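Trainee: prediction below, plus the sequence it came from.
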Amino acid sequence: MDKTVPQGRVKGTLTPPCSKSYAQRALAAALLTEGESCLRNLEYCDDTRAALRCIETLGASVRDADGGTVTIRGGLRPRGSILRVGESGLSTRLFTPIAALCDMPVTIEGEGTLLSRPMHMMTAPLRALGVEIADTGGRLPLRVRGPIRGGEVAVDGSVSSQFITGLLLALPRAERDTTLYVRRAVSTPYLDMTLATAARFGVEISQRDYEEFYIPGGQRYEPADFAIEGDWSAAAMLLVMGATAGEITVRNVSMLSKQADTAVCTALARAGAAVIHEGQAVTAAHRPLHAFEFDATHCPDLFPALAALAAAAEGVSTIRGTSRLEYKECNRAEAIHDEYAKLGIEVDTSEEDVMRIRGGAIRSARVRSYGDHRMAMSLAVAALRSDGEVEIEGAESVAKSYPDFFGDLERVRI
């Protein structure tokens, strides 16, 4: 689907969808209980639907109620042998270790861009923990058979923290205690989210400097009543929209959240935008914007939003952490470079791990999303400053995380 976004101004209040990162973790934890959990504020996007399919295949019973409340009766008793994770990288790396708790073969199948994303980091650690695993050159599909037994194991955390999250949630159910040694952990705020979710379901995990995790085996997950907070990754895009094209208030988000993308507020302030925090709401308003520096190594999902912000700022902004962008839904560093060039914005990625963006006027163009939800939203935000309109190929990709993004954009136009 193509979407044409004309220039314009925005003003209003929006509520982003729930955090799909918290939602998928909570769904996994609810599966691992032996009782009934209640998840509140759960909203459906492609990735949360993938997680729901996984927990139902692995034995959970799911019942919808009104107002975004879902009741889940846990129990790891697989009803099928194939987990279909769609294009969700987190569901893949989260539910593979959980499937490995089962003494039966389970195949994990994906689709689309996920088939080119690396999964090799799971193979050696799972084998060291007693799991039989067969993959296709470090890519999906792969097959696992447990039970995972615990012990001591080293994991490379330099590509993604998602597999570590899967191990942290699965290993409390292993028979033996586990010590997990992590090399070069990235996106550590996401590990904090995992530990917080496990704790809400009664599971104890200790850690030292994100390098060593101790996970007692034989634990029981206790059912929980869990309210899922708003998604800061989506909120970041809305706040940048306000900072560059008017004023936007985002509700159901808190600066006290463990989500990594709360850091967008730091970038906005450095760029000169007005940022106001009031309880469970944050407002960003346009002011003259100037170049900024920001390290997005631990919050790489912010890059597309930061690109739209830097394009609106006078001067050359420097954003670090591009090494984290190669294995997203697309190579986001290349995508930002190529698509913003079509809009008349100079993006330099010649220096290792650094992106420099020279702000300037946005010209009308036809651009590609590469099937990447965050690229589609970034280009739409940039389009508000164009000299006419921007046509975005593959705009339907926003369904992965924020299905109503374009509807919300139109609701706040003035």
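Mentor: Perfect, thanks for sending it.
Trainee: would you list the phi and psi of Tyr22?
Mentor: As for Tyr22, its main-chain torsions (degrees, to the nearest 10) stand at phi -70, psi -40.
Trainee: give me the number of residues near it?
Mentor: Per other CB atoms under 10 Å, the neighbour tally for Tyr22 reads 26. Just so you know, the C-beta spots here come from the backbone N, C-alpha and C atoms, and that holds for glycine as well.
Trainee: for the stretch 51-200 of the chain, which spans come out with low pLDDT?
Mentor: Judged by pLDDT under 70, the stretch 51-200 of the chain has its weakly predicted residues at 65-66.
Trainee: how about the strands in it?
Mentor: Secondary structure of the stretch 51-200 of the chain (DSSP state E, counting those that start in this stretch): strands located at 61-64, 70-73, 82-84, 105-109, 132-134, 142-145, 151-156, 178-183.
Trainee: mind listing what the nearest residue to Leu191 once chain neighbours are set aside touches?
Mentor: Spatial nearest neighbour of Leu191, chain neighbours left out: Ser161 (5.4 Å); criterion: CB to CB, 6 or more residues apart in numbering. For Ser161, the contacting residues are 185-188, 190-191, taking CB atoms under 8 Å, 6 or more residues apart in numbering as the criterion.
Trainee: picking up where we left off before, how about the strands of the stretch 51-200 of the chain in TSV, adding mean neighbour count and distance to Cys330?
Mentor: Compiled in TSV, the strands of the stretch 51-200 of the chain are given as follows (neighbours: other CB atoms under 10 Å; distance: least, CB to CB, whole Å):
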stretch	mean neighbour count	distance to Cys330
strand 61-64	12	31
strand 70-73	20	31
strand 82-84	19	22
strand 105-109	19	21
strand 132-134	14	27
strand 142-145	22	22
strand 151-156	16	23
strand 178-183	18	26
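Trainee: take the ones you listed and lay them out in a markdown table including distance to Asp387.
Mentor: What follows is these, written out as a markdown table (distance: least, CB to CB, whole Å):
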| stretch | distance to Asp387 |
| --- | --- |
| strand 61-64 | 46 |
| strand 70-73 | 45 |
| strand 82-84 | 44 |
| strand 105-109 | 45 |
| strand 132-134 | 53 |
| strand 142-145 | 48 |
| strand 151-156 | 46 |
| strand 178-183 | 48 |
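Trainee: closest one to Leu238 among those strands?
Mentor: Evaluated with CB to CB, the strands of the stretch 51-200 of the chain place strand 70-73 nearest to Leu238, the distance being 24.7 Å.
Trainee: so what does the closest one touch, helix or strand wise?
Mentor: helix 20-31, strand 36-40, strand 61-64 (3 or more CB pairs under 8 Å, 6 or more residues apart in numbering; DSSP states H and E).
Trainee: returning to what we had before: out of the strands of the stretch 51-200 of the chain, nearest to Leu195?
Mentor: Evaluated with CB to CB, the strands of the stretch 51-200 of the chain place strand 178-183 nearest to Leu195, the distance being 12.1 Å.
Trainee: among the strands of the stretch 51-200 of the chain, which comes closest to Thr249?
Mentor: strand 70-73 (27.4 Å).
Trainee: give the pairing partners of that closest one; include direction for each.
Mentor: Each strand that pairs with strand 70-73, with its direction, by DSSP bridges: strand 36-40 (antiparallel), strand 61-64 (antiparallel).
Trainee: got any ranges where the stretch 251-400 of the chain has weak pLDDT?
Mentor: Scanning the stretch 251-400 of the chain residue by residue, the ranges that satisfy pLDDT under 70 are 327-329.
Trainee: that one: strands as residue ranges?
Mentor: 274-278, 281-285, 293-295, 316-320, 346-348, 354-358, 365-368, 389-393.
Trainee: burial of Ala361, as a residue count?
Mentor: Other residues within reach of Ala361, judged by other CB under 10 Å, total 12.
Trainee: nearest residue to it in space, please, no chain neighbours.
Mentor: Spatially, and ignoring its direct neighbours in sequence, Ala361 is nearest to Gly344 (6.3 Å; CB to CB, 6+ apart).
Trainee: just checking, that neighbour touches Arg358?
Mentor: No - between Gly344 and Arg358 there is no contact under CB atoms under 8 Å: 10.1 Å.
Trainee: what sits against Thr57?
Mentor: By CB under 8 Å, 6+ apart, Thr57 lies in contact with 78-80, 82-84.
Trainee: ok, for it, nearest residue in space, not its chain neighbours?
Mentor: Of all residues apart from its sequence neighbours, Gly80 sits closest to Thr57 (CB to CB, 6+ apart), at 4.6 Å.
Trainee: again with Pro105
Mentor: If you skip the residues right next to it in sequence, Pro105 has Arg145 as its closest partner in space, 4.5 Å away by CB to CB, 6+ apart.
Trainee: that neighbour against Arg127, yeah?
Mentor: No - here Arg145 lies out of contact with Arg127, judged by CB under 8 Å, at a distance of 11.2 Å.
Trainee: between those two, which contacts overlap?
Mentor: Looking at what touches both Arg145 and Arg127 (by CB under 8 Å, 6+ apart), the common residues are Ile133.
Trainee: how many neighbouring residues does Ala227 have?
Mentor: When counting by other CB under 10 Å, one arrives at 15 neighbours for Ala227.
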